[in-house]
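> sequence plus predicted model, see below.
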Amino acid sequence: MLNKRSVEDLQVKGKRVLVRCDFNVPIQNGEITDINRIVAALPTIKKLIADGGKVILCSHLGKPKEPSPQFTLDPVAKKLSELLEKEVVFAKDDEVVGANAKAAIGSMKEGSVVLLENTRFRKEESKNIDSFSEDLASIADVYVNDAFGSSHRAHCSTVGVTKFVEISAVGYLMQKEIEYLGNAVNNPVRPFVAILGGSKVSDKINVINNLLDKVDTLIIGGGMAYTFFKALGHEVGKSLLEEDKVPYAIEMMDKAKAKGVNFLIPVDTVITTEIKNDAPFETVSIDSIKADWMGVDIGEKTRELYKDALKGAKTVVWNGPMGVFELENFAKGTFEIAKTLADLDATTIIGGGDSAAAVNILGFGDKMSHISTGGGASLEFLEGKDLPGVEAVNDK
Ligand code: AMP
């Protein structure tokens, strides 16, 4: 159980509650194209409204170098207002906590909601410099961190502000994310299977290493598989390869053997000449990749092997697609894994980022136990690291 104070433990009636959310959503031409993160923030916001708090929301969006209309949170305020079916005042203010924001906050009533401008409009934010943390604290009696997707970063709005606000807590989303990921990693119902894919070994080095201490089976797919093929002495043509990580791949296979972990890498692969849907493609065993071709998905035998390995699993964590799932010809591996997880009688947890997108695009989103809203944060969690945004909150 998470040993942090939660929104359930707070008395917020009449108080100004600053809530750090993760509203870092994709926006195209002013339209939000994926509202999952906003929907995920609603339970905490509704609870604080119902309890009579003055709810002041903040978040970053993208990586602006300076205040810019392209990165304004204005579209989020509109969407939130729609979802909450109540007014959300957008405090347009390049200083985030400048005169405009202060005026909006000054006229708040119990149960009303204000959204501040993008916290990264302030240069101090990502450097965790006190001046902005103090500004944020000056408009808050209580601080709630519900931004799991940003909790691996020590910024003013996730960590610094807690130095200057006496009472802090985590929100429902943060609690849920940590309970699912934490239980899976530290207290899993077994058999526990982890599936790791995506493009690079280098991104997942610490995850593989940490999970080998925890899982019964570790399944490898995606672009990182080819570094393991190379480690086994096979040629990989033009497939993604991190030559300098070959010794690490060998080390991990040895570690798995020593620990008695069932470590599975593909036995066959779909290869193509180009990452295009109209390029020729075929399936070959991993020792027969043609020199000018590249591996872009797991093959049919591997799909069967992985489906078998997942039979009877009780806890599954999946991070990273099995192939270039964005193209139909190379999406079968990712699709089959998603479908297999959807049909399992197990706790199924999808790491954020591309695997979450894949599961949703392929239509299996509502069949999973939990889809994390935080890509980087969930990876750091799986690495066994403490998340600074969680650590900074008051203990129970
Ligand atoms: P990541 O951001 O590391 O989770 O990687 C996700 C990306 O890896 C997706 O855009 C996939 O298209 C890509 N990917 C997966 N498998 C391969 C592969 N075999 N070759 C190239 N890219 C891949």
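Great, that's in hand. All values derive from a computational prediction rather than experimental measurement.
> now this protein against the ligand: closest residue?
The chain approaches the ligand most closely through Gly198 (2.8 Å), counting by C-beta to the nearest ligand atom. C-betas here are computed from N, CA, C, even on glycine.
> residue ranges with poor pLDDT in the stretch 101-250 of the chain?
Nowhere does the stretch 101-250 of the chain drop to pLDDT under 70.
> and with 90 instead?
200-201, 203, 205 (pLDDT under 90).
> near the ligand, which residues of it?
By C-beta under 6 Å from any ligand atom, the residues of the stretch 101-250 of the chain that approach the ligand are Gly198, Ser199, Lys200, Asp203, Gly222, Gly223, Leu240.
> now with 5 Å, please.
By the rule C-beta under 5 Å from any ligand atom, the part of the stretch 101-250 of the chain lying against the ligand is Gly198, Ser199, Gly222, Gly223, Leu240.
> which of those has the most neighbours?
Counting by other C-beta atoms under 10 Å, Gly222 has the largest number of neighbours within these, with 31 neighbours.
> circling back: which ones among the residues of the stretch 101-250 of the chain next to the ligand are found in strands?
Judged by DSSP state E, strands contain none of these.
> assign Ile178 to helix, strand or coil.
Assigned by DSSP: H, G, I helix; E, B strand; the rest coil, the conformation of Ile178 is helix.
> related to what we said a few turns ago, tell me the two of the residues of the stretch 101-250 of the chain next to the ligand that are most distant?
Gly198 and Leu240 (10.0 Å; C-beta to C-beta).
> and for the two, which residues touch both?
Gly223, Met224 (C-beta atoms under 8 Å, 6 or more residues apart in numbering).
> before we move on, the earlier item: out of everything not next to it in sequence, what's closest to the residue of the chain closest to the ligand?
Using C-beta to C-beta, 6 or more residues apart in numbering and skipping the chain neighbours, the partner closest in space to Gly198 is Gly320 (2.8 Å).
> pLDDT wise, what is that neighbour at?
With respect to pLDDT, Gly320 has a value of 94.
> can you start the count at 453 instead of 1 from here on
Renumbered: residue one is now 453, and that last one reads Gly772.
> my read is that it contacts Gly674, right?
Yes - using C-beta atoms under 8 Å, Gly772 is in contact with Gly674, at 5.2 Å.
> what touches both of these two?
With C-beta under 8 Å, 6+ apart, Gly772 and Gly674 have common neighbours Leu648, Gly649, Gly650, Ser651.
> now do the helices in this protein.
Applying DSSP state H to the chain gives helices spanning 488-502, 526-536, 551-558, 582-590, 624-638, 657-663, 677-683, 698-711, 752-762, 784-795, 806-813, 827-834, 840-843.
> with mean neighbour count added, can I get those helices in TSV?
Shown next, in TSV, are these (neighbours: other C-beta atoms under 10 Å):
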stretch	mean neighbour count
helix 488-502	20
helix 526-536	18
helix 551-558	16
helix 582-590	19
helix 624-638	20
helix 657-663	19
helix 677-683	23
helix 698-711	15
helix 752-762	18
helix 784-795	22
helix 806-813	22
helix 827-834	24
helix 840-843	20
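> since that was my last question, I'll sign off now.
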